[in-house]
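Q: Need the 3D shape of this:
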Amino acid sequence: MGGGVNKNLMELAGEPILIRTLKIFSQVERINFLIVIVAAHEVEAVEKLLNATTGLKSWRVVIGGSERQYSIANGLKFLPDDAEIILVHDAARPLISARTINEVIDAAGKFGGAIAAVPSKDTIKVVDAEGFVKQTLPRRELVAVQTPQGFRREILLRAYDTALKENFLGTDDASLVERLGLEIKIVAGDYRNIKITTPEDIKIAETFLRGGIK
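A: Residues are numbered from 1 along each chain as shown. Just a heads-up that it's a prediction; the model follows:
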């Protein structure tokens, strides 16, 4: 992203990306607690930012780890005792909708695990180490995974405990649950739920917010 600052603290249409994301989750009635995972040197700045923001659900800032998976594991240590469903979300997806959040909660409660995803728009090919195509995957069977990913508490905790014991590092939370032999339900996501990764993504997100892309 550049800019010398955490992209989640950059402004999107006049408001930090992180705050936009947290406000949307705070508007969902069934969300009771927010755990914000950041680098150690960012804790003070993020806590100051959250303290200055009204309308947020109860929150706690937690220091992350060297990998995403280790960061989530740290966050899981601070779950409220009454938490039944856990959602894991990229703060850099500030255009997530309340509809998607609620549907992931519903599906996670019913099936144990659920993730937001959209059908792949691209043809995906498997290539070898030399860059030659080995296989073309059927697009109708492929989805692009988004967040939030939601799980019943006991399932996600068991998945993380197993991954730790077996020294397994997954690509996302669902991959850890899949290793337990459990099925993950796909919930229809939204193509607007982009992950802010490059300066161009900021411009795209601002256009969505202005209603310039239907």
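Q: Residue 115 versus the residue nearest to residue 122 when sequence neighbours are not counted, what's the distance?
A: Leaving aside its chain neighbours, residue 122 sits nearest to residue 139 (7.7 Å; criterion: CB to CB, 6 or more residues apart in numbering). Glycine gets a C-beta too; all of them are placed from N, C-alpha and C. Distance from residue 139 to residue 115, counting by CB to CB, to the nearest Å: 19 Å.
Q: How about residue 93?
A: From residue 93 across to residue 115, the span is 13 Å (CB to CB).
Q: who touches both of the two?
A: Residues touching both residue 93 and residue 115 (CB atoms under 8 Å, 6 or more residues apart in numbering) are 146, 147.
Q: hang on, the earlier thing: let me see the contact set for the residue nearest to residue 122.
A: Contact analysis of residue 139 by CB under 8 Å, 6+ apart lists 119, 120, 122, 123, 124.
Q: helix/strand/coil for the fourth one?
A: The reference is to residue 123. coil (DSSP: H, G, I helix; E, B strand; the rest coil).
Q: and it, backbone torsions?
A: Taking degrees, to the nearest 10, you get phi -80, psi 130 for the backbone angles of residue 123.
Q: Tell me who's in contact with it.
A: Counting by CB under 8 Å, 6+ apart, residue 123 touches 136, 139.
Q: Nearest the middle, which residue of this protein would you pick?
A: Centrality entry for the chain: nearest residue to the mean C-alpha point is residue 89, 2.2 Å, by CA atoms, centre = their mean.
Q: That one: what's it in contact with?
A: Residue 89 makes contacts with 21, 25, 96, 147, 148, 149, as judged by CB under 8 Å, 6+ apart.
Q: Most neighbours among those, which one is it?
A: Most neighbours among the contacts of residue 89, by other CB atoms under 10 Å: residue 149, with 27 neighbours.
Q: Pretty sure it sits in a helix.
A: No: with three-state DSSP as the criterion, residue 149 is strand rather than part of a helix.
Q: Mind listing the residues bridging to it?
A: Counting by DSSP bridges, residue 149 is bridged to residue 88, residue 115.
Q: Surely it is in contact with residue 88?
A: Yes: shown here, residue 149 and residue 88 form a contact pair, counting by CB atoms under 8 Å, at 5.1 Å.
Q: any common contacting residues for these two?
A: Common contacts of residue 149 and residue 88 (CB under 8 Å, 6+ apart): residue 173.
Q: pLDDT-wise, which helix or strand of this protein ranks last?
A: Ranked by mean pLDDT, DSSP states H and E, the helix or strand of the chain with the weakest confidence is strand 11-12, at a mean of 88.
Q: residues in contact with the helix or strand following that strand?
A: Per DSSP states H and E, the first helix or strand lying C-terminal to strand 11-12 is strand 15-16. With CB under 8 Å, 6+ apart as the contact definition, strand 15-16 has outside contacts at 8, 9, 10, 49.
Q: Select from those every entry located in helices.
A: residue 49 (DSSP state H).
Q: Who wins on neighbours among the contacts of strand 15-16?
A: When neighbours are taken as other CB under 10 Å, the top entry among these is residue 8 (22 neighbours).
Q: Would you mind listing the buried residues in stretch 157-174?
A: By neighbour count on 16 or more other CB atoms under 10 Å, the buried set for stretch 157-174 is 158, 159, 160, 163, 170, 172, 173, 174.
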